[in-house]
Structures are given as structure tokens and as C-alpha cells.
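**Student:** Pasting a predicted model and its sequence here:
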Protein chains: 2
Amino acid sequence: MGRNPEKNQKTREDRRTQILTASLRLFSARGLSATKVTDIAAAVGISQGLVYHYFGSKEEIYIALIAGAFERLNGAARELEALAIVPRDKIKMALGGLLKDLVENEDAARTQLLLSQATASEAIPDAARKLMERENRKLYAVIASIMRAGQEDGDLLDHDADQLAILFWSTIKGLAFHRVVQGAGFKAPPVAMLMRLFLEEIPRPHG
Amino acid sequence: MGRNPEKNQKTREDRRTQILTASLRLFSARGLSATKVTDIAAAVGISQGLVYHYFGSKEEIYIALIAGAFERLNGAARELEALAIVPRDKIKMALGGLLKDLVENEDAARTQLLLSQATASEAIPDAARKLMERENRKLYAVIASIMRAGQEDGDLLDHDADQLAILFWSTIKGLAFHRVVQGAGFKAPPVAMLMRLFLEEIPRPHG
DNA sequence: GTCTATATCCAGATAGAC
DNA sequence: GTCTATCTGGATATAGAC
């Protein structure tokens, strides 16, 4: 919009996205403090100083990544809750969607890794910690609440719903971890297999 | 042995252990690079310089922790393999033992966390990476091999054994993560629940 | 064995030219 | 918008006194 067409300079948003993408790769692989701004600049192909034209600090990039991740995840969670299907199928869909994302999109896996690391880390910016504690809680609560509903239906296993939610996310985090380590060769387990953790009755596949 | 009894100075081994213990706590919570040698010294209650009397560098401490962890895990794996019980029960025992350790011993959980982080990290010393790649492979192989044996018995689920091993360790890693985040309040899921992931036939508990 | 300097390096962030 | 140069702080590791 109103921009000189022959300049090959990137627009502000493009550059920010480039920086965020490169940073996700680096932060998830090395952690916040082992990632140098120089590394980010090099990955994008710009000078180190230029990074500060787009973000106030390295931590600001980190926070932006975390915030973006939660926005997407919470959006998906809200959509899931709104669906007119039975709780058991919501769990199946959530699991399936997350797994599919993990397999098809390395960045999705890296994002999960980043969130896990951030949750467990004492060495993240205060703003990030605040964000995490609040938003993470929501994600667990959504799953726990679906679990409870599924238990009333008699479809889902009759155990503490919060623990089931923990198991749900543990599994996702654990698999995201392997996805990143293994790279493209990663094969996700079939959703039906993971559903065994949560279903009251396991459907018999053979015969 | 032949040491002056009235000195309250620590023996070399005691100090090394103190440093290792404090470092496990810090490395697992902040990562290698965000942990300052000053932090370690402060946690132990000694001067920063003294740390270098016991270890050549920060990374040397890190490597010692990783190596120690694998020694213990591989020891347990070898014992497990040697047991005269059916494969299905070996899996149950491995799961139960790891879980019990996780719950009762925060350091065990932190050790798992450290190994996970190290596996996924590009920012670890070369010596540590070499170690990891070799030893980690062994741990997965042990579980995969037990899975295969259990499949021949018809006890364990008929899926790719390597994938089952990944699922096995994913679950442990995911739960170790939660254990560390949640602290002492953490409750592990019952082993029987996790066994649902691997058993061909799920025993019916109620009725 | 332990501590207090301190040398050295390196990374984050800023300034100013183009 | 982009780069190069630089300021500044902080962390690793060493040296040397006690």
C-alpha cells in the first residue's frame, strides 16, 4: 500500500516475521541465552545491528514468539470447545490435529518445544513467565473440562480429569520433542493408539 | 583414610558431589548457558574461584552430570534385561520404577529433564553430544527389544517396536517435565493406565 | 583448600554514517 | 532501512595470597 515498488527492501512486517522464524529455530534448539543476536542476524542474512531496528531486545523476540504461540493454541482450543460433537471426539480431534501439525510442520513442533522449555525454565523474561502461567493454565483447563464431560457420557476413563489433561499434554510434549530430534523421519503413532490412554472401552480393531 | 580428623574441610569427592548436585538443579532449571558459575558457587556456598579447583570448566560439570545419568540408567537397563520375567512385566517394571523414582526423588526428575534438554540441544559441548547419541540409542534399543519379545508372546501391541519405545520414553520425559514444574504436588498416573498404551489386551478392572 | 583479585573475552545494545 | 563501529557490562577462567 503506497510503497515504492522497485525497492527490494522488506516491509516491516516481513522482516519481523523473518526474524521470528529464524529465532524460533534457534531458541528451540539452543535456548534463549545460548542464542546470540549475531546468530539470529546471520540466519536472516542481515547485520546484527539491524535486528534492533525491529525488536527492542533479544528477550522481546522471545516474548513475541511465546505470545504468538499461545494465541494460536488458544484460538484452536476455543474452536474445539465450540464444536457440536461429543467430548470423546473432541479429544480425538485435538490429539489428531496436534499430531498432524507436529508431523507436517517442523515449526509447530519447535513451537511446542519452546513452550515446554519456557514452562520449565527459570531463565526467561518476567513478562514471558507471567504470560506462560496464565495461558498454559487455560490450555490444561480446556482439556480437563472436556475430559470431565466425556466421563459423564461414560466414554472416557474415570480418573482425575486434571491428571488426564496432564497426561494428554505430556504425550504431546514428549512427541514434539522426538519430532524435533528425529527431523523429517519422524512418524507419529496413530491417534487410536493414544486414545487408549483415555477411553473407557477400547474398540477391538482386529476382527 | 589417613586424613586429619579435626578439619571440617570437605574431601574432594564430597565437594565434587555438592557441586554436581547444585549444578543439576541449576542446569535443569536454566540450561547450561544461562547458569553462571557464580550461581553454582553461591548454591554450594563457596567462592566462584573454588569451583575451578574441582572442575576444569562449567562444561566439564555438565558432562559429568550427563555421564553419571547414563551410567545409572544403563545399569538399570542391564538389570532389567537380566530379569527372569516375561517381557510384558519388564515393561511394567521399567515404567513403574521410573515413575516411582520421578515421584519420590526430584533429582531423578531433574536428571530426566537434563537429558531431554541435552538431546534436543545444539548448544552442548561436543563431548556431551557424542555421549548422548551413543548412550541414548542404547536405552531406546533396550525397550524396543523388550517390546518385540512381548509381541511374540502376544502380550504387547502389534506395532512397530521402535515407535513403541519412542512412545515409552516420550511418556516418561513428558511426565518428568511435569514433575519438575509441579514440584512435590505431582501425582503420577497409575502404571496400569500407561500400560494401556502397550498391552494387547487391557485387563478389566471394574467387576 | 579457599578466597580475592584481575585479565580477557564476548555479547547485548547504541550511535551515527550512508 | 541498513550497515559499521563502539560502548559497556558481565562471565569465564587464572593468578597469587592466605
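**Tutor:** Cool, the structure landed.
**Student:** what about the residue nearest in space to the middle of chain A, which helix or strand?
**Tutor:** To find the centre residue of chain A, average its C-alpha atoms and take the closest one (Cα atoms, centre = their mean): that gives A:Gln112, at 3.5 Å. A:Gln112 belongs to helix A:106-120 when assigned by DSSP states H and E.
**Student:** how about that helix, does it reach chain B?
**Tutor:** Yes. Using Cβ under 8 Å from any Cβ of the partner chain, we find that helix A:106-120 touches chain B at A:113, A:116-117, A:119-120. (Glycine included, C-beta is placed from N, CA and C.)
**Student:** Do you have the helices of chain A handy? List them.
**Tutor:** Using DSSP state H, the helices of chain A run over A:12-30, A:37-44, A:48-54, A:58-82, A:87-104, A:106-120, A:126-153, A:161-182, A:191-195.
**Student:** any chance of those helices in a markdown table, plus distance to DNA strand C and mean pLDDT?
**Tutor:** Conversion of the helices of chain A to a markdown table gives the following (distance: least, Cβ to the nearest atom of the strand, whole Å; pLDDT from 0 to 100):
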| stretch | distance to DNA strand C | mean pLDDT |
| --- | --- | --- |
| helix A:12-30 | 10 | 97 |
| helix A:37-44 | 4 | 98 |
| helix A:48-54 | 4 | 98 |
| helix A:58-82 | 4 | 98 |
| helix A:87-104 | 29 | 98 |
| helix A:106-120 | 17 | 98 |
| helix A:126-153 | 13 | 97 |
| helix A:161-182 | 22 | 97 |
| helix A:191-195 | 38 | 98 |
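**Student:** Of these, which is nearest DNA strand D?
**Tutor:** Distances from DNA strand D to each of the helices of chain A were compared using Cβ to the nearest atom of the strand; the minimum, 2.5 Å, belongs to helix A:48-54.
**Student:** List the buried residues for that closest one?
**Tutor:** For helix A:48-54, a neighbour-count test (16 or more other Cβ atoms under 10 Å in any protein chain shown) marks A:51, A:54 as buried.
**Student:** In terms of secondary structure, what does it contact?
**Tutor:** For helix A:48-54, the helices and strands in contact under the criterion 3 or more Cβ pairs under 8 Å, 6 or more residues apart in numbering or on different chains; DSSP states H and E are helix A:12-30, helix A:37-44.
**Student:** Excluding its own residues, what touches that helix? List them.
**Tutor:** If you take Cβ atoms under 8 Å, 6 or more residues apart in numbering or on different chains as the criterion, helix A:48-54 is touched by A:12, A:15-16, A:19, A:37-38, A:40-41, A:44.
**Student:** One more: stretch A:195-203?
**Tutor:** Outside stretch A:195-203, the residues touching it (Cβ under 8 Å, 6+ apart) are A:88, A:91-92, A:95, A:147, A:150, A:154-158, A:164, A:167-168, A:171, A:192, B:193-194, B:196-197, B:202.
**Student:** next one: stretch A:128-136
**Tutor:** A:59, A:62-63, A:66-67, A:70, A:73-74, A:115, A:118-119, A:124.
**Student:** Mind pulling the model confidence for A:Lys7?
**Tutor:** pLDDT, the model's per-residue confidence, is 56 for A:Lys7.
**Student:** Repeat that for A:Pro203.
**Tutor:** Confidence per residue is given as pLDDT, and for A:Pro203 that number is 89.
**Student:** how close does it get to A:Thr171?
**Tutor:** Noted for A:Pro203: a distance of 19 Å to A:Thr171, by Cβ to Cβ, to the nearest Å.
**Student:** just to revisit the earlier point, can you show me the CA trace of the helix holding A:Gln112 as CSV?
**Tutor:** Output of helix A:106-120 as CSV, limited to C-alpha atoms (Å, rounded to 0.1, in the frame of the first residue of the first chain):
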residue,chain,number,x,y,z
GLU,A,106,8.5,-28.7,11.9
ASP,A,107,7.9,-25.2,13.2
ALA,A,108,4.8,-26.4,15.0
ALA,A,109,6.9,-29.0,16.8
ARG,A,110,9.6,-26.4,17.6
THR,A,111,6.9,-24.1,19.0
GLN,A,112,5.7,-26.9,21.3
LEU,A,113,9.3,-27.4,22.3
LEU,A,114,9.8,-23.8,23.0
LEU,A,115,6.7,-23.7,25.2
SER,A,116,7.8,-26.7,27.2
GLN,A,117,11.2,-25.3,27.7
ALA,A,118,9.8,-21.9,28.7
THR,A,119,7.5,-23.5,31.2
ALA,A,120,10.3,-25.4,32.9
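**Student:** Now do it against helix A:126-153, angle only.
**Tutor:** For helix A:106-120 against helix A:126-153, the angle between stretch directions is 100 degrees (axes from the mean of the first three to the mean of the last three Cα atoms, to 10 degrees).
**Student:** Which of the residues in helix A:106-120 are classified as buried?
**Tutor:** Residues A:106, A:108-120 are the ones in helix A:106-120 that count as buried (16+ other Cβ under 10 Å).
**Student:** swap in stretch A:82-91?
**Tutor:** Buried residues in stretch A:82-91, counted by 16+ other Cβ under 10 Å: A:87-88, A:90-91.
**Student:** residues near A:Ile166, how many?
**Tutor:** For A:Ile166, the count of nearby residues is 25 (other Cβ atoms under 10 Å in any protein chain shown).
**Student:** typo on my end, A:Gly45
**Tutor:** Counted by other Cβ under 10 Å, the residues lying close to A:Gly45 total 8.
**Student:** and if you look at the one 10 residues further on?
**Tutor:** Residues lying near A:Phe55 (other Cβ under 10 Å) number 20.
**Student:** is it true that it touches A:Ala22?
**Tutor:** No. Contact status for A:Phe55 versus A:Ala22: not in contact, 11.8 Å apart, counting by Cβ atoms under 8 Å.
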